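Participant: With the input below, show me the fold.
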Amino acid sequence: MNDDYPKPLPAYLNPRFIEGRDGRPLRILSEYLEPAARFKRFAVSDTIVFFGSARIVSREQADRLLSVARTHKGNIAAAEQALEMSRYYEDARELARRLTEWSKNLEGTERRFVVCTGGGPGIMEAANLGASEAAGMNVGLNIRLPFEQHENPHITRELTFEFNYFFMRKFWFMYLAKALIIFPGGFGTLDELFETMTLVTTHKLHKKMPVLLYGTDYWDKVLDLDAMVHHGTILPEELDVIFKTNSVDDAFDHITRELTELFLEDPGGRHELV
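Facilitator: Sure, this is the predicted structure:
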């Protein structure tokens, strides 16, 4: 053998192949198999998914931004808006904490209804923080992006994931989800809401799953779903799955009641994606 040439690599260790076009099917498959193995290892089979804007900050950070804006004659209006929107960060944190405490106190169950987020900042960070404050395991399904998205420090280390493909990340959101809580957000949040509703209305999601829109003031301005009913593009009953509220107490009561009826009292409710 000529020592002038490097020893050939097995295909699965060859980055030129794995990271190239021909290796794409293997990369996609790995984003199914590796999370599946990890969820099985840590006995996670049910999640409560929190969606919402990555740009909403905590009240503490919003207070600092406003103080800086006033001191240095910055954009006070933007800082005041950030402070107003920070209530959603604090509410997501509180709701995730309460749901985690409720889940941990369920009898005869193990790691049920684990809080799951997209793993980034904003509402995602708030929910992971709330779950960690209740000393609960929680999941972060992060996505590799050139901006904005970075893993927050409150996710359980063993359940921190990094996805390259949006569609594989969405699969894991939906496959394990038993409830969806959607806080104010932008295009990504709307995409996740409408994808869920599409799966529900086309019966591709073979489980009943409560969908909660948190922040009535926000969603009533952003979405007029009743207009779609009025124009005949959706059926009135297709909105029955959605519950809207501005209250952490109401959100907690609704989600825990629905999860109890659908998945604790009715074992047949644990159907997944086709």
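Participant: What about the closest residue to N246 other than its chain neighbours, how many residues nearby?
Facilitator: Residue nearest to N246 in three dimensions, not counting chain neighbours: T216, with 4.7 Å by Cβ to Cβ, 6 or more residues apart in numbering. C-beta here means a position set from N, CA and C on the backbone, and glycine is covered the same way. The local packing of T216 (other Cβ atoms under 10 Å) involves 12 other residues.
Participant: give the contact list for T216.
Facilitator: By Cβ atoms under 8 Å, 6 or more residues apart in numbering, the contact list for T216 reads 244-246.
Participant: What's the per-residue pLDDT of it here?
Facilitator: In this prediction, T216 carries a pLDDT score of 96.
Participant: Tell me the spacing between it and W172.
Facilitator: 29 Å (Cβ to Cβ, to the nearest Å).
Participant: Now do the closest residue to N164 other than its chain neighbours against G52, distance only.
Facilitator: If the residues on either side of it in the chain are set aside, N164 comes closest to R144, at 5.4 Å by Cβ to Cβ, 6+ apart. R144 sits 20 Å away from G52 when distances are taken as Cβ to Cβ.
Participant: Compare the two and say which is more crowded by neighbours.
Facilitator: When R144 and G52 are compared on other Cβ under 10 Å, the one with more neighbours turns out to be G52, at 28 against 11.
Participant: ok, and the most crowded of the contacts of T216?
Facilitator: When the contacts of T216 are compared by neighbour count (other Cβ under 10 Å), K244 ends up highest, at 19 neighbours.
Participant: Shouldn't it be within a strand?
Facilitator: Yes. The assignment for K244 by DSSP: H, G, I helix; E, B strand; the rest coil puts it in a strand.
Participant: right, and out of the contacts of T216, which lies closest to A127?
Facilitator: For these, the residue nearest A127 by Cβ to Cβ is T245; the value is 16.2 Å.
Participant: For D91, see how far away the nearest residue in space to that closest one that is not next to it in sequence is.
Facilitator: Take T245 and drop its neighbours on the chain: the residue closest to it by Cβ to Cβ, 6+ apart is A251, 5.3 Å away. Counting by Cβ to Cβ, the gap from A251 to D91 is 8 Å.
Participant: Give me the common contacts of the two.
Facilitator: Both A251 and D91 are contacted by Y214, under the criterion Cβ under 8 Å, 6+ apart.
Participant: between the two, who's got more neighbours?
Facilitator: A251 (23 against 20).
Participant: For that one, give me the pLDDT.
Facilitator: Model confidence at A251, expressed as pLDDT, equals 98.
Participant: Correct me if wrong: it contacts P210.
Facilitator: No. With contact defined as Cβ atoms under 8 Å, A251 does not reach P210; the gap is 10.2 Å.
Participant: Name the residue closest to the centre of this protein, please.
Facilitator: Taking Cα atoms, centre = their mean, the centroid of the chain lies closest to T117, which sits 3.1 Å from it.
Participant: Now do the contacts for that one.
Facilitator: Applying Cβ under 8 Å, 6+ apart as the definition, the contact partners of T117 turn out to be 49-51, 123-125, 127-128, 138-141, 155.
Participant: Most neighbours among those, which one is it?
Facilitator: For the contacts of T117, counting by other Cβ under 10 Å, the largest number of neighbours falls to A127: 34 neighbours.
Participant: Helix or strand: which one has that residue?
Facilitator: In this structure, A127 sits in helix 123-133 according to DSSP states H and E.
Participant: Redo the contacts of T117 as TSV? Include pLDDT.
Facilitator: Listed next are the contacts of T117 as TSV, based on pLDDT from 0 to 100:
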residue	pLDDT
V49	98
F50	98
F51	97
I123	98
M124	97
E125	97
A127	98
N128	98
N138	97
V139	98
G140	97
L141	97
I155	97
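Participant: Nearest to L193 among those?
Facilitator: Sorting the contacts of T117 by how near they are to L193, with Cβ to Cβ, puts F51 at the top with 7.2 Å.
Participant: pretty sure that closest one contacts I123?
Facilitator: Yes. With the criterion set as Cβ under 8 Å, F51 and I123 qualify as a contacting pair; they are 7.2 Å apart.
Participant: Mind listing the shared neighbours of those two?
Facilitator: Jointly contacting F51 and I123 under the rule Cβ under 8 Å, 6+ apart are 117, 183, 185.
Participant: show me what contacts the second one?
Facilitator: The one in question is F183. The neighbours of F183, taking Cβ under 8 Å, 6+ apart as the test, are 50-53, 56, 88, 91-92, 123, 189, 214-215.
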